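# how would this look folded up:
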Amino acid sequence: MATTRENKGTRAFNKTIKAYLEERAENDALFAVKFANPSKSVEDCVTFILNEVKKSGCCGFTDAEVFGMATHYYDEEEIEVGNPINCQVVVNHTVELTEEEKEQARQDAINKLRDEEMKKMRKPIQPRKTAEKKNQVEQPSLFDL
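Predicted structure coming up:
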């Protein structure tokens, strides 16, 4: 989707909205007709939701509130979607990573660790600070007498 930065939370948000709408369409014949409207899309629905959230000034919403906005988008024949918003969406659902995403995260972690270790190796070795020798008065030993 071009309206938001691609991250796992945002992709999960889009999938969650789409899954909700598809399930609602399966169970509600009247909504199914509205959901099948070719002039509407899930991407525009998400853009509409993000613009509504921005207008409200609030940062957190219940699932029912978000799903209500999604339904409202499809219920209205003419609705102003708004401009795409570049943002990050956080979902309160567990995000499942694909095998490719897991492998990419693993490689990223390995590369980061390697870079940190290389940086440590390139850092010049600093001599250890020795305790300053204090002016000590030499005391003669018994053997020196």
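# quick one, strands of this protein?
Using DSSP state E, the chain contains no strands.
# Distance-wise, check the nearest residue to Val89 once chain neighbours are set aside relative to Tyr73.
Excluding the flanking residues, the one nearest Val89 by C-beta to C-beta, 6 or more residues apart in numbering is Phe13, at 4.2 Å. Where C-beta positions appear, they are placed from N, C-alpha and C, glycine not excepted. From Phe13 across to Tyr73, the span is 14 Å (C-beta to C-beta, to the nearest Å).
# and what of Glu26?
18 Å.
# So which of the two has more stuff around it?
Taking other C-beta atoms under 10 Å, Glu26 and Tyr73 do not tie; Tyr73 has more neighbours (23 against 11).
# So the more buried one sits against Val42, correct?
No: the criterion here is C-beta atoms under 8 Å, and Tyr73 misses it with Val42 at 9.5 Å.
# Quick check: phi and psi at Lys123.
phi -70, psi 130 (degrees, to the nearest 10).
# Revised request: answer the last question for Val91.
phi -110, psi 150.
# If you count residues, where's the longest helix of this protein?
helix 99-122 (DSSP state H).
# Tell me the buried residues in it?
When neighbours are counted by 16 or more other C-beta atoms under 10 Å, no buried residue of helix 99-122 is found.
# Let me see the mean pLDDT of that helix.
Taken as a whole, helix 99-122 carries a mean pLDDT of 88.
# Can you show me the CA trace of it as CSV?
Extracted C-alpha coordinates of helix 99-122, given in CSV (Å, rounded to 0.1, in the frame of the first residue of the first chain):
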residue,chain,number,x,y,z
GLU,A,99,9.8,-17.4,7.0
GLU,A,100,11.4,-14.8,4.7
GLU,A,101,10.8,-12.0,7.3
LYS,A,102,12.3,-14.2,10.0
GLU,A,103,15.3,-15.0,7.9
GLN,A,104,15.7,-11.3,7.1
ALA,A,105,15.5,-10.3,10.8
ARG,A,106,18.1,-13.0,11.6
GLN,A,107,20.5,-11.7,8.9
ASP,A,108,20.0,-8.1,10.1
ALA,A,109,20.9,-9.2,13.6
ILE,A,110,24.0,-11.1,12.4
ASN,A,111,25.1,-8.1,10.3
LYS,A,112,24.6,-5.7,13.2
LEU,A,113,26.6,-7.9,15.6
ARG,A,114,29.4,-8.3,13.0
ASP,A,115,29.5,-4.5,12.4
GLU,A,116,29.7,-3.8,16.2
GLU,A,117,32.5,-6.4,16.6
MET,A,118,34.4,-4.9,13.7
LYS,A,119,34.1,-1.5,15.2
LYS,A,120,35.5,-2.8,18.5
MET,A,121,38.4,-4.4,16.6
ARG,A,122,39.2,-1.2,14.7
